[in-house]
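A.B. asks: 3D, please:
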Amino acid sequence: MALTLNKLSARTVSTITKPGRHGDGGGLYLVVDKSGAKRWAFLYRREDRLREMGLGGVNAVPLATARELAVKARAQLAAGIDPISAKGAAKAITPSFGDCADDFVKDMTPQFRNAKHINQWKMTLEVYAKPLRAKAIDQIETSDIVAVLKPIWLSKSETASRLRGRIERVLDAAKANGLRSGENPARWRGHLDKLLPKRRKLARGHHAAMDYAELPAFIKRLRERKALAALALEFTILTAARSGETMGMRWREVDTKSAVWTIPKDRMKAGREHRVPLAPRALQILEIAKTFGTEPDAFVFPGRVQGRPLSVMSFEMLLRRLKVEVTTHGFRSSFRDWCGEETSFPREVAEAALAHAVGDETERAYRRGDALEKRRKLMVEWAAFCEPATAAEPQAPPAGAAGGKQDIFS
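C.D. replies: From the prediction side, this is the model:
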């Protein structure tokens with residue numbers, strides 16, 4: 001006689017409150033305890049004795065997964081294998097988090113940029129994630145992740161953020177290998193963001209970053225300075241570019257009609273061409289910069305020496321004069337924090353705006369586009385956020401005044 005399966009629905013599972021066993025068919029039961037807690041169980045007879053194998057709580061194991069586990073258990077019974085004994089044997093050989101982390105780093109080594117990057121991964125997963133290393137990979141829970149992150153979440157914000165992301169990737173890989181099931185306890189959005197406080201001021205490695213909430217006021221101060229360096233720095237912030245990309249920018253890279261700045265691959269850290277959508281304010285800055293010449297090979301932000309761009313020290317000196325203890329690179333951190341905490345733009349779009357590679361080689365091969373129009377919306381919103389409440393009228397630096405040439409670079 002054929003088994004009657006799939007009696008329950010997802011809605012029934014979520015709404016049923018009556019204590020007891022509620023059959024889905026084929027030995028699978030939803031068990032509702034008197035406390036209201038719900039869990040899955042597989043019931044079967046072995047040697048004339050009724051046995052119950054737990055399959056996990058409904059919060060960790062959805063209905064579809066529970067059914068898959070029941071199918072596996074029925075197949076084991078048909079083959080003369082006791083599912084509980086098989087589960088115990090499998091659990092005995094389940095690798096630890098440390099083993100999985102080490103294997104993951106080893107497998108991913110070819111895609112890492114350099115030995116320093118590899119060592120950073122190893123260090124965080126060996127030192128900061130040490131409390132997790134001996135625990136079975138399928139036993140890692142949210143409370144374990146929080147216990148590891150909380151001590152350094154505010155004191156070492158960037159390290160903690162990277163550690164969380166690396167733990168998440170290790171657990172994702174373990175799930176893909178069949179070593180875990182259910183949601184990833186290291187997931188940030190909609191999970192850990194509800195348990196850990198917002199990080200107010202971040203530093204990317206040694207790059208001190210400004211709290212993004214302070215940026216509108218900072219931009220206002222920049223606009224009060226009649227200096228080319230101030231214009232170039234504001235442009236860098238609005239485009240989330242690296243300082244070297246702005247310094248080396250030439251007019252042939254700019255298409256003001258389509259509002260796109262195309263940085264050639266030989267000027268990019270990752271060695272890939274990068275298109276930057278330009279918000280209205282960024283275009284306005286370029287209009288001001290045109291007063292210094294627009295020959296195709298001319299630098300958009302020229303320096304004191306003919307044919308040379310602004311000095312690499314220009315931004316640093318400007319920040320010192322403004323008595324702001326941040327770095328230019330740190331503004332990229334401010335942008336990324338704003339994306340993650342204040343917008344609903346996908347992570348991939350935010351990372352693409354920073355010219356970061358997202359996903360593995362296969363995933364990137366299928367994602368051939370660079371999401372330019374999606375990024376355009378993001379950059380327009382970013383520029384709007386950075387706009388001071390009472391913005392000063394933009395002014396071109398004095399290009400020909402006697403004794404004023406030196407001032408425009410500071």
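
A.B. asks: figure out the length between the terminal residues of stretch 315-334.
C.D. replies: Counting by C-alpha to C-alpha, to the nearest Å, you get 17 Å between the two ends of stretch 315-334.

A.B. asks: okay, residue 280: pLDDT?
C.D. replies: You'll see residue 280 listed with a pLDDT of 96.

A.B. asks: count the neighbours of it for me.
C.D. replies: Neighbourhood size, residue 280 [other C-beta atoms under 10 Å]: 13. Heads up, the C-betas are built off the backbone N, CA and C, glycines and all.

A.B. asks: now residue 337
C.D. replies: 23.

A.B. asks: I'd guessed it sits against residue 212; true?
C.D. replies: Yes: the pair residue 337 / residue 212 is scored as a contact, 5.4 Å apart, by C-beta atoms under 8 Å.

A.B. asks: quick one: contacts for the closest residue to residue 267 other than its chain neighbours?
C.D. replies: In space, and not counting its chain neighbours, residue 267 is closest to residue 248: 5.6 Å by C-beta to C-beta, 6 or more residues apart in numbering. Residues in contact with residue 248 (C-beta atoms under 8 Å, 6 or more residues apart in numbering) are 267, 299, 309.

A.B. asks: roughly how far does residue 248 sit from residue 283?
C.D. replies: 19 Å (C-beta to C-beta, to the nearest Å).

A.B. asks: before we move on, back to that, got the confidence number for the residue nearest to residue 267?
C.D. replies: Looking at residue 248, the pLDDT reads 92.

A.B. asks: how near is it to residue 275?
C.D. replies: 16 Å.

A.B. asks: now do residue 7
C.D. replies: Taking C-beta to C-beta, one finds residue 7 at 54 Å from residue 275.

A.B. asks: who's more crowded, those two?
C.D. replies: residue 275 (18 against 13).

A.B. asks: next one: whatever helix or strand that one lives in to chain centre, how far?
C.D. replies: Assigned by DSSP states H and E, residue 275 falls within strand 274-277. A distance of 20 Å separates the centroid of the chain from that of strand 274-277, by C-alpha atoms, centre = their mean, to the nearest Å.

A.B. asks: neighbouring strands - and their directions - for it?
C.D. replies: strand 260-263 (antiparallel) (DSSP bridges).

A.B. asks: list the residues that contact residue 299.
C.D. replies: Applying C-beta under 8 Å, 6+ apart, the residues near residue 299 are 247-250, 308-310.

A.B. asks: mind giving me the domain ranges of this structure?
C.D. replies: Domain segmentation of the chain under automatic domain parsing yields 10-92, 97-199, 207-409.

A.B. asks: what pLDDT does residue 136 get?
C.D. replies: The score at residue 136 is 90. That number is its pLDDT.

A.B. asks: which stretches in the protein count as strands?
C.D. replies: 20-25, 28-32, 38-46, 49-57, 203-204, 207-208, 254-255, 260-263, 274-277 (DSSP state E).

A.B. asks: now render these as JSON lines, adding distance to residue 78 and mean pLDDT.
C.D. replies: Shown next, in JSON lines, are the strands of the chain (distance: least, C-beta to C-beta, whole Å; pLDDT from 0 to 100):
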{"stretch": "strand 20-25", "distance to residue 78": "16", "mean pLDDT": "93"}
{"stretch": "strand 28-32", "distance to residue 78": "15", "mean pLDDT": "93"}
{"stretch": "strand 38-46", "distance to residue 78": "11", "mean pLDDT": "91"}
{"stretch": "strand 49-57", "distance to residue 78": "15", "mean pLDDT": "87"}
{"stretch": "strand 203-204", "distance to residue 78": "56", "mean pLDDT": "42"}
{"stretch": "strand 207-208", "distance to residue 78": "60", "mean pLDDT": "68"}
{"stretch": "strand 254-255", "distance to residue 78": "66", "mean pLDDT": "95"}
{"stretch": "strand 260-263", "distance to residue 78": "61", "mean pLDDT": "95"}
{"stretch": "strand 274-277", "distance to residue 78": "56", "mean pLDDT": "94"}
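
A.B. asks: mind putting those in CSV, distance to residue 295 included?
C.D. replies: Shown next, in CSV, are the strands of the chain (distance: least, C-beta to C-beta, whole Å):
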stretch, distance to residue 295
strand 20-25, 74
strand 28-32, 73
strand 38-46, 71
strand 49-57, 67
strand 203-204, 35
strand 207-208, 33
strand 254-255, 12
strand 260-263, 17
strand 274-277, 21
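
A.B. asks: coming back round to it: quick one: closest of the domains of the chain to residue 3.
C.D. replies: If you check each of the domains of the chain against residue 3 by C-beta to C-beta, domain 10-92 wins as the nearest, at 4.8 Å.

A.B. asks: shaky segments in the protein?
C.D. replies: Applying pLDDT under 70 to the chain flags residues 1-2, 88-93, 113-114, 116, 199-207, 357-369, 390-410.

A.B. asks: report the central residue of it.
C.D. replies: By C-alpha atoms, centre = their mean, the chain has its centre lying nearest to residue 347, at 5.6 Å.

A.B. asks: check contacts around residue 131.
C.D. replies: 144, 147-148.

A.B. asks: if we go to 7 Å?
C.D. replies: When contacts are counted by C-beta atoms under 7 Å, 6 or more residues apart in numbering, residue 131 touches 147-148.

A.B. asks: and residue 315, by the same measure?
C.D. replies: Per C-beta under 7 Å, 6+ apart, neighbours of residue 315: 229, 233, 243, 328.

A.B. asks: can you add neighbour count and distance to residue 385 and give those back as JSON lines?
C.D. replies: Compiled in JSON lines, those are given as follows (neighbours: other C-beta atoms under 10 Å; distance: C-beta to C-beta, whole Å):
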{"residue": "229", "neighbour count": "25", "distance to residue 385": "23"}
{"residue": "233", "neighbour count": "26", "distance to residue 385": "17"}
{"residue": "243", "neighbour count": "20", "distance to residue 385": "21"}
{"residue": "328", "neighbour count": "22", "distance to residue 385": "19"}
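
A.B. asks: give the bridge partners for the nearest residue to residue 23 once chain neighbours are set aside, please.
C.D. replies: Counting by C-beta to C-beta, 6+ apart, residue 23 lies nearest to residue 29, which is 5.4 Å off, once chain neighbours are set aside. For residue 29, the beta-bridge partners under DSSP bridges are residue 23, residue 41.
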